[in-house]
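Asks: I need the structure of the sequence given here:
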Amino acid sequence: MTPVDNSIYIKDAFFNQFSKESFHISRFIDSNFQKKLIDLLTQNYFDFIQLETLVLAAYIPTIRQYSKAKIVMRSHNVEYEIWERITNNTSFFLKKWYIKSLTKKLKQFEISKMNQYDLFAAITDKDLNNYKALGLKIPSITIPIGLDIKDYQPDYSVYNKPLSLSFIGSLDWRPNLEGLHWFIEKIWTSLNNRFPNLVLHIAGRNTPKEIFALENKKIKIHGEVEEAKTFINSHPIMIVPLQSGSGMRVKILEGMALGRVVITSELGLEGINAKHKREVLIANNLEEYIEAIHFCINQPKEFLQIGKNAASFIAYEFDHKQIGSKLKSKMENILLNK
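Replies: Residues are numbered from 1 along each chain as shown. I've put the predicted structure just below:
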C-alpha cells in the first residue's frame, strides 16, 4: 500500500467519526487494486485464495463474484485487540476517546467478516480461542509463523564481546514505536546508570525524527538497515518491549533462530511457548530488566546457553515446511468435503 499522507490521514480520520465504516479498513480500499484483482480472478483458476490481512476482507464480495475459490483468512493477530490495548495505554482523554471510537468500528468489521471465509487460520491458539468466543463457527486451525531455518545462521562470537542490546522493528507500526518509547522512558536511563558500559542499538524502517534525536554514545540509531539478520547477529541480546499488540512477533522468532537472547514482555511472548531462563528472558518492568542484565553479565555460560537453546527451539517448533504441510492438509480436507 502507498503510505498515507499524515494530514489527509488526520482529516479523513476525523470525518470517519460520522461514518459507520471502519477507518482502519476504508483508508486502504482502492479501486485500481480492485480492478487488478478482478483481472487476476477472471484470467486464472484458483483452489484457494489466502488473505494475509483483515484489510483484504473488504474484497470478499469481489472474490466471490469472480472466482469459485475457497477463501482462507490467515489472521496475523486479533486486529481490534491491538487497538484496545493501545487505547488502554493512552492517557490523554481526547486521544483515548478518539482511538476507542475507531477501535469499536474496527471490532464490528472484524466480527462481521469472521464467518465469511471458508477456513480461518489463526497464528496462535490464544487468538483462535478469542475468535471462537466471539462467534467463529467455520473450519479453523492454528498455524504459527514459519521460518526457513537454513537462512538463519547464528554468530555466537559476539557473546565474547562487550555486552550490547539491539532493537529492530518497523517504527511506523504503532505497537513497536510505543514499546520503544516505553523502554527508553521507563527503563533505559536506570538500566544504563546501573550498567554504564551497556550500549543500545536501534534499527527500523521509517524511524521517526524523535528517535534519531536520541542518538548519543550509549544509544546508536541505525535507521533502516540493509540486512536485518546481520544487524541482529551483531548483538547478543535483542529487546522486544511490547506493551500492546496481538498475534506473534516475527522478530522474536528471528532473533531466537539466530541464537540471540531475547528479552521481552509476557505479552511479547504470546504464542511462543519458550520458557524464562531456558530459551528467553522475560522482563515486564525495570526490576526485571535489571535482573535480566545482571544474569547475562554474571552467568556468561548460562547466558550463551539460552541463545543456543533458543536456536534449537525455533528449528524444532517453527520450521516452515512442517507448518506449511499442516495447512496444506487442512485445505485438502476442505476441498474433499465441499
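Asks: list the contacts for Arg260?
Replies: Residues near Arg260 by C-beta atoms under 8 Å, 6 or more residues apart in numbering: 154, 166, 232-233, 235-238, 307, 310. All C-beta atoms are positioned from the backbone trio N, CA, C, and that covers glycine.
Asks: change it to 6 Å
Replies: Arg260 sits next to 238, 307 when contact means C-beta atoms under 6 Å, 6 or more residues apart in numbering.
Asks: Could you do the one 4 residues further on as well?
Replies: The contact partners of Thr264, taken as C-beta under 6 Å, 6+ apart, are Val240.
Asks: which residues does the residue most central in space within the chain contact?
Replies: By C-alpha atoms, centre = their mean, the chain has its centre lying nearest to Arg249, at 4.1 Å. Neighbouring residues of Arg249 by C-beta under 6 Å, 6+ apart: 240, 268.
Asks: So what's the predicted local confidence for it?
Replies: On pLDDT, Arg249 comes in at 85.
Asks: Also Ile145?
Replies: Per-residue pLDDT puts Ile145 at 89.
Asks: tell me the secondary structure for it?
Replies: Secondary structure, DSSP: H, G, I helix; E, B strand; the rest coil: Ile145 is coil.
Asks: gap between it and Phe167?
Replies: Look at Ile145 and Phe167: by C-beta to C-beta, to the nearest Å, they are 19 Å apart.
Asks: Next one: the nearest residue to Asp151 once chain neighbours are set aside relative to Ala203, how far apart?
Replies: Spatial nearest neighbour of Asp151, excluding adjacent residues (C-beta to C-beta, 6 or more residues apart in numbering): Lys229 at 7.6 Å. The gap separating Lys229 from Ala203 is 12 Å, by C-beta to C-beta.
Asks: Please say which of those two ends up with more neighbours.
Replies: Ala203 (20 against 17; other C-beta atoms under 10 Å).
Asks: wait, isn't the more buried one in contact with His222?
Replies: Yes: counting by C-beta atoms under 6 Å, His222 is a contact partner of Ala203 at 4.1 Å.
Asks: related to what we said a few turns ago, in what element of secondary structure is the residue nearest to Asp151 found?
Replies: For Lys229, the host element (DSSP states H and E) is helix 228-233.
Asks: what is the rounded mean pLDDT of that helix?
Replies: 96.
Asks: Then stretch 41-59?
Replies: The average pLDDT for stretch 41-59 rounds to 95.
Asks: That one: which residues count as buried?
Replies: 41, 49-51, 54-59 (16 or more other C-beta atoms under 10 Å).
Asks: Many thanks, have a good one.
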